[in-house]
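>>> Just a sequence and a predicted model for now, questions to come.
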Amino acid sequence: MNNPDPDAPVFAIAIAAELTGMHPQTLRQYDRIGLVVPGRTRGGSRRYSVRNVEQLREVAQMSAEGMSLPAIARLLELENEVRRLRRHVSELEGELRAERSNRPGVRVFAAGATGQVIPVGHGRRIRRSTDIVLWRPRIISDDAGQ
């Protein structure tokens, strides 16, 4: 496996502490306050991921630069949210690409009488008795309002 999952919980606390240059008790404290929360085994042992180790290194650096633990916690929370949102956007883009490939040439849609979305292909006429035509921009001349 060339690219292991960066969120896979693989390191025991002693290894994570060694990788970050921190004391295991510091890692336990960060877990208790929710700063860097590792995964857990069925038996309850902490298991740190590569991402957790990176976060611990960031925490150490920011703390050394004078940042408070609550500020660091907020920053990590925002980074996690950005990562989650990027993953969601990527999934939505994939769905959109798949949908577009299933409907080549379709760029206009109409709403049916029961609310269903109807793709309208190029050159297709819409039955006005059963379908609602989408909004079309109206061109307003400069002197229309005078």
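Yep, that arrived.
>>> Please write out the alpha-carbon positions of stretch 12-19 in CSV.
In CSV, the C-alpha atoms belonging to stretch 12-19 read as follows (Å, rounded to 0.1, in the frame of the first residue of the first chain):
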residue,chain,number,x,y,z
ALA,A,12,0.4,3.3,20.5
ILE,A,13,0.8,6.3,22.9
ALA,A,14,4.5,5.5,23.6
ILE,A,15,5.3,5.6,19.8
ALA,A,16,3.3,8.7,19.2
ALA,A,17,5.0,10.4,22.1
GLU,A,18,8.4,9.4,20.7
LEU,A,19,7.5,10.6,17.2
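>>> Contacts for it, please.
11, 23-24, 26-28, 38, 45-48, 52-53, 56 (Cβ atoms under 8 Å, 6 or more residues apart in numbering). Yep, even glycine has a C-beta here, placed from its N, CA and C like the rest.
>>> Restricted to helices, list those.
Counting by DSSP state H, the part of the contacts of stretch 12-19 found in helices is 24, 26, 27, 28, 52, 53, 56.
>>> any idea how far the first one lies from residue 99?
Spelled out, that is residue 24. 49 Å (Cβ to Cβ, to the nearest Å).
>>> Between the two, tell me which one has more neighbours.
residue 24 (15 against 11; other Cβ atoms under 10 Å).
>>> From residue 38, how far out is the more buried one?
12 Å.
>>> Please indicate which of the contacts of stretch 12-19 are buried?
Using 16 or more other Cβ atoms under 10 Å as the burial test, the contacts of stretch 12-19 include 11, 26, 27, 38, 46, 47, 48, 52, 53, 56 as buried.
>>> Would you reformat those residues as TSV and include distance to residue 115?
Compiled in TSV, those are given as follows (distance: Cβ to Cβ, whole Å):
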residue	distance to residue 115
11	52
26	57
27	54
38	47
46	50
47	48
48	49
52	46
53	50
56	51
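>>> of all those, which comes closest to residue 117?
When the buried ones among the contacts of stretch 12-19 are compared for distance to residue 117 (Cβ to Cβ), residue 52 wins out at 43.2 Å.
>>> Burial check on residue 59, number of neighbours?
Neighbours around residue 59, by other Cβ under 10 Å: 23.
>>> Begin at 897, not 1, for the rest of this chat.
Fine by me, first position is 897 from now on; the one you just mentioned is residue 955.
>>> Surely it touches residue 931?
Yes: contact criterion Cβ atoms under 8 Å: residue 955 and residue 931 qualify, at 6.3 Å.
>>> Good, we can wrap up now.
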